[in-house]
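Chemist: below are the sequence and a predicted model; questions follow.
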Amino acid sequence: MAMKEVFKTCEETPEPIPTKVTGQIPKWLTGSLLRNSPGKFEQGEQKYRHWFDGMALIHKFHMQDGEVTYQSKFLRSDAYVQGLEQNRIVMSEFGTAAYPDPCKSIFSRVFSYFQPMSRPRTDNGNVHLMKVGEEFYAHTELPYIRKVDPKTLDSGKLKINYENYIAVNMATAHAQNDTDGTTYNMGSSFGKNGGYCVIKIPPPDEGEVENPLQKASIIAKVPQRYPLHPNYYHSFAMTENYFVFVEQPFYLNVLKIMAGPLLGWGVDWAFQFHKEIPTRFHIIEKATGRIHTTKYTADALMTFHHINAYEDDGHLVMDLCAFSKMETVFQFYLHNLQTWSKHEANEKLGEGGNYIARFVLPLNVPEDLSDEENLVKLPDTLASAIRKEDTIYCVPEILTDATFDLPRVNERYNGRKYRYIYGADVYGVPWRLVKVDTQTKENKYWTEEDCFTSEPVFVEAPNPTSEDDGVVLSAVVRAGEGVSTCFLLVLDGKSFSELGRAELSQPNRVPMQTHGLYVPNV
């Protein structure tokens, strides 16, 4: 199968190149789709093991007057630059351990093996892009962010470390922007008094472009239950007045992280999923940072991506892409992706038990409550919440029979009651796009043979008449034998039918991507 062509090193395209447009790109669509992805999977003769390890490649599809140009540049991280200089992998990544510099003396090399925590951590920001004020930063889950110019895609000059401003050792790759311009994120601090912290990042002072974390602060902290097994999380939920932290039984084994470099293992070795431990939901007030004392629980699950959350008549409704097994993380090793047959890919990628869950958390729990009473009073959901010993036990509604991840919604409805979800079904071949109507439960799909769709991004039309009045953008990679091509797909937000596509004439330019955002008028 030609899927291997989608997960190969690509050349950067530093200057904008034209694309061939078929169909029609709406002329009101004036701006740029910025994308982030792993794009280089080796340094010298050394190869990375996992898709998440590749060096960050920043992409830009610029749309104006119905035409589209494409360009890309590798993020000039220390991991990338030093790797090129030394012709080897110099920093450990998610699934790949870096070995000591062979040019060091034998004593220095042995010494470095026994001081693994002293080695530099990677700053390979290959997951997402974060907006703070009017500036953009590439980042992953370690504490480093690096500024990217959305016009030129230049990077490398400004690298910021969260740890220099607030007491966190890592932060999620899915910061969220509130309506007042404030950016919120969550990050973990490790050690004896470790916890899971809500980070508030107000816009920097006018004219300040070098210090995005100038006003950053921690406004709440959920204590860690297991200091040697901190919780792993990739995103969080935010409504108009609350945050929700999902404490899933998916942990990082600290001892394994420390031992990994000695044994030649990456961080992936340290993940553990404990099905016997319930999931906990922590509700945090946005205005005060107060953590609700009500203990909400659910059966064990894993999640990477929250879809949306909102408040509704005394309830907090939270939608997420959930998994019943840990296998999902471990299917995306490059060896798998580059050698599987289509049958194997369909079988293995579906082993994670993906489902789309809607949890409803009652915000006001009465004292005199019977154990059988369902606290969820909303008429439009099958989710339930009952008292179970000292907790409120929550059972989700399965929102759709579709399976997908990389979810997006109309950003104007982020944190508010909404109707439509857009996602990418990456658990079979070919990958396809899906639109879910959460009210009617209708699913609409876009798919094409040998095509691998990326995260769909909804862009609202001028003067919209409905929540889905706009277009959906997705960078699609088509795999052939020995070659891959890419096109920007533009779908109608309502009908989910194709309006047009902009195809690159040059092959092997765009790999499979992770996340990104649309920036108007850039």
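Modeler: Nice, thanks for sending it over.

Chemist: elements contacting the helix or strand harbouring Arg501?
Modeler: Taking DSSP states H and E as the criterion, Arg501 maps to strand 498-503. Here strand 498-503 is seen to pack against strand 20-23, strand 67-74, strand 483-492 when contacts are counted using 3 or more C-beta pairs under 8 Å, 6 or more residues apart in numbering; DSSP states H and E. Heads up, the C-betas are built off the backbone N, CA and C, glycines and all.

Chemist: any stretches of the protein with poor pLDDT?
Modeler: Along the chain, segments meeting pLDDT under 70 span 1-2, 100-119.

Chemist: out of the helices and strands packed on strand 498-503, which is closest to Ala287?
Modeler: The closest of these to Ala287 is strand 483-492. By C-beta to C-beta, the value is 38.2 Å.

Chemist: which residues make contact with the closest one from outside it?
Modeler: 2, 5-6, 8, 19, 23, 25-26, 29, 33, 61, 68, 70, 433, 446, 453, 456, 471-478, 497-504, 507-511 (C-beta atoms under 8 Å, 6 or more residues apart in numbering).

Chemist: and stretch 387-401, by the same measure?
Modeler: In contact with stretch 387-401 (C-beta under 8 Å, 6+ apart) are residues 278, 281, 294-299, 319, 322, 355-362, 365, 369-371, 373, 375, 381-386, 421, 436, 438, 441, 443.

Chemist: ok, how many other residues are close to Gln331?
Modeler: If you count neighbours by other C-beta atoms under 10 Å, Gln331 ends up with 18.

Chemist: brain fart, Thr179
Modeler: Thr179 has 10 neighbours, counted by other C-beta under 10 Å.

Chemist: re earlier: and the contacts of stretch 387-401, which are buried?
Modeler: In terms of neighbour count (16 or more other C-beta atoms under 10 Å), the buried residues within those are 278, 281, 294-298, 319, 322, 355-362, 365, 375, 381, 383-386, 421, 436, 438, 443.

Chemist: out of the contacts of stretch 387-401, which sit inside strands?
Modeler: 281, 296-298, 319, 322, 355-362, 384-386, 421, 436, 443 (DSSP state E).

Chemist: quickly note the distance from the closest residue to Glu276 other than its chain neighbours to Ile218.
Modeler: Take Glu276 and drop its neighbours on the chain: the residue closest to it by C-beta to C-beta, 6 or more residues apart in numbering is Ala300, 7.2 Å away. For Ala300, the distance to Ile218 (C-beta to C-beta, to the nearest Å) stands at 28 Å.

Chemist: again, but for Arg280
Modeler: When Arg280 is compared with Ile218 (using C-beta to C-beta), they lie 20 Å apart.

Chemist: then Gly195?
Modeler: 9 Å.

Chemist: who's more crowded, these two?
Modeler: Using other C-beta under 10 Å, the more surrounded residue of Gly195 and Ile218 is Gly195, with 21 against 18.

Chemist: beta partners for that one?
Modeler: Ser189, Pro223 (DSSP bridges).

Chemist: and for Ile283?
Modeler: The partner residues for Ile283, given DSSP bridges, come to Val244.

Chemist: surely it meets Lys295?
Modeler: No: using C-beta atoms under 8 Å as the test, Ile283 is too far from Lys295 to be in contact (10.4 Å).

Chemist: between the two ends of stretch 193-212, how far is it?
Modeler: 27 Å (C-alpha to C-alpha, to the nearest Å).

Chemist: quick one: buried residues of that stretch?
Modeler: Within stretch 193-212, the residues scored as buried using 16+ other C-beta under 10 Å are 194-204, 212.

Chemist: same deal with stretch 44-58?
Modeler: Going by neighbour count (16+ other C-beta under 10 Å), the buried part of stretch 44-58 is 48-58.

Chemist: next, Glu460: phi, psi?
Modeler: Here is the backbone geometry of Glu460 (degrees, to the nearest 10): phi -70, psi 140.

Chemist: against Glu93, how distant is it?
Modeler: Taking C-beta to C-beta, one finds Glu460 at 36 Å from Glu93.

Chemist: if you count surrounding residues, which of those two has more?
Modeler: Each of Glu460 and Glu93 has its neighbours counted (other C-beta under 10 Å); Glu93 has more, 24 against 18.

Chemist: quick one: that one from Tyr296, how far?
Modeler: Separation of Glu93 from Tyr296 (C-beta to C-beta): 35 Å.

Chemist: cool, and Val365?
Modeler: 9 Å.

Chemist: output stretch 238-251 as CSV - backbone C-alpha positions only.
Modeler: What follows is stretch 238-251 as a C-alpha-only set of coordinates in CSV (Å, rounded to 0.1, in the frame of the first residue of the first chain):
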residue,chain,number,x,y,z
MET,A,238,-13.6,25.6,28.4
THR,A,239,-17.0,27.2,28.6
GLU,A,240,-18.0,30.8,29.2
ASN,A,241,-17.5,30.4,33.0
TYR,A,242,-15.7,27.2,33.6
PHE,A,243,-12.8,24.9,32.8
VAL,A,244,-13.0,21.1,33.0
PHE,A,245,-9.9,19.0,33.6
VAL,A,246,-10.3,15.4,32.7
GLU,A,247,-8.1,13.3,35.0
GLN,A,248,-8.0,10.2,32.9
PRO,A,249,-6.2,7.0,34.2
PHE,A,250,-3.5,7.5,31.5
TYR,A,251,-0.3,8.1,33.3
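
Chemist: and it, what's buried?
Modeler: Buried residues in stretch 238-251, counting neighbours by 16+ other C-beta under 10 Å, are found at 238-239, 242-251.

Chemist: what would these look like in JSON lines with secondary structure?
Modeler: As requested, the buried residues of stretch 238-251 are exported to JSON lines (DSSP: H, G, I helix; E, B strand; the rest coil):
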{"residue": "Met238", "secondary structure": "strand"}
{"residue": "Thr239", "secondary structure": "coil"}
{"residue": "Tyr242", "secondary structure": "strand"}
{"residue": "Phe243", "secondary structure": "strand"}
{"residue": "Val244", "secondary structure": "strand"}
{"residue": "Phe245", "secondary structure": "strand"}
{"residue": "Val246", "secondary structure": "strand"}
{"residue": "Glu247", "secondary structure": "strand"}
{"residue": "Gln248", "secondary structure": "coil"}
{"residue": "Pro249", "secondary structure": "coil"}
{"residue": "Phe250", "secondary structure": "strand"}
{"residue": "Tyr251", "secondary structure": "strand"}
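
Chemist: which two from those residues end up farthest apart in space?
Modeler: The widest separation within the buried residues of stretch 238-251 (C-beta to C-beta) is 26.7 Å, between Thr239 and Tyr251.

Chemist: distance to Asp390 and secondary structure added to the buried residues of stretch 193-212, as CSV?
Modeler: Converted to CSV, the buried residues of stretch 193-212 look like this (distance: C-beta to C-beta, whole Å; DSSP: H, G, I helix; E, B strand; the rest coil):
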residue, distance to Asp390, secondary structure
Gly194, 24, coil
Gly195, 21, strand
Tyr196, 21, strand
Cys197, 25, strand
Val198, 25, strand
Ile199, 30, strand
Lys200, 31, strand
Ile201, 35, strand
Pro202, 37, coil
Pro203, 41, coil
Pro204, 44, coil
Pro212, 42, coil
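
Chemist: tell me where the stretch 1-150 of the chain has helices.
Modeler: Applying DSSP state H, counting those that start in this stretch to the stretch 1-150 of the chain gives helices spanning 78-86, 106-113.

Chemist: what are the contacting residues of the longest one?
Modeler: Counting by C-beta under 8 Å, 6+ apart, helix 78-86 makes contact with 40, 43-44, 55-56, 74, 89-91, 93, 101, 120, 122-124, 156, 159, all of which sit outside it.
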